[in-house]
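Peer 1: Next comes the sequence, and after it the predicted model I'd like to discuss.
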Amino acid sequence: MKQGWITGMEDISAYLGICRDTLYAWNRTYEMPIQKIGGKWCAIPSLLDEWLKYAIHNRPPKPTLQKSTKK
C-alpha cells in the first residue's frame, strides 16, 4: 500500500468500521471518494474522513442492501 492510500475494499471497509457489503451499498448509493485504479479500489484516508463527517452531519438516507438470489 502506498503511503497516504488505502487499497482494497477489505481495508477501506475496515478503516471506516463497516462491513464490505455496507461499503458496496454506500458506494452505489452515495458519491464516496473511492476509485478503482489498475483494477484495485483505492481511497485517501483524509478524503474518507471528510466524506464521513459530511455524511453523518447531513444524515443521508440509509441504503437498502440487495439480497442475493444465488442458491
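Peer 2: Received the coordinates, thanks.
Peer 1: now Q35, nearest residue through space, not along the chain?
Peer 2: Sequence neighbours aside, C42 is the residue nearest to Q35 in space, at 6.0 Å (criterion: CB to CB, 6 or more residues apart in numbering). All C-beta spots, glycine's among them, are computed from the backbone N, C-alpha and C.
Peer 1: Tell me the secondary structure of the one you found, please.
Peer 2: Here C42 is recorded as strand under DSSP: H, G, I helix; E, B strand; the rest coil.
Peer 1: just M32 next, same as before
Peer 2: The local conformation at M32, judged by three-state DSSP, is coil.
Peer 1: what about it, distance to D21?
Peer 2: Distance, M32 to D21, by CB to CB, to the nearest Å: 14 Å.
Peer 1: Looking at those two, which is more packed in?
Peer 2: Under the neighbour definition other CB atoms under 10 Å, M32 and D21 were set side by side, and M32 has more, 19 against 12.
Peer 1: ok, that one - contacts?
Peer 2: Residues counted as contacts of M32 (CB atoms under 8 Å, 6 or more residues apart in numbering) are W26, A43, L48, W51.
Peer 1: To which secondary structure element is the first one assigned?
Peer 2: Secondary structure here is read from DSSP states H and E; on that basis W26 sits in helix 20-29.
Peer 1: before we move on, what about the third one?
Peer 2: Element membership of L48 [criterion: DSSP H and E] is helix 45-58.
Peer 1: sorry, back to before: just checking, the residue nearest to Q35 touches M9?
Peer 2: No. With the criterion set as CB atoms under 8 Å, C42 and M9 do not qualify as a contacting pair; they are 10.1 Å apart.
Peer 1: Give me the most central residue, the protein.
Peer 2: L23 (4.1 Å; CA atoms, centre = their mean).
Peer 1: Could you look up the SS state of G4?
Peer 2: coil.
Peer 1: And the pLDDT for the nearest residue to it once chain neighbours are set aside?
Peer 2: The shortest distance from G4 to any residue that is not its chain neighbour, by CB to CB, 6+ apart, is 6.2 Å, and that residue is I44. For I44, the model assigns a pLDDT of 95.
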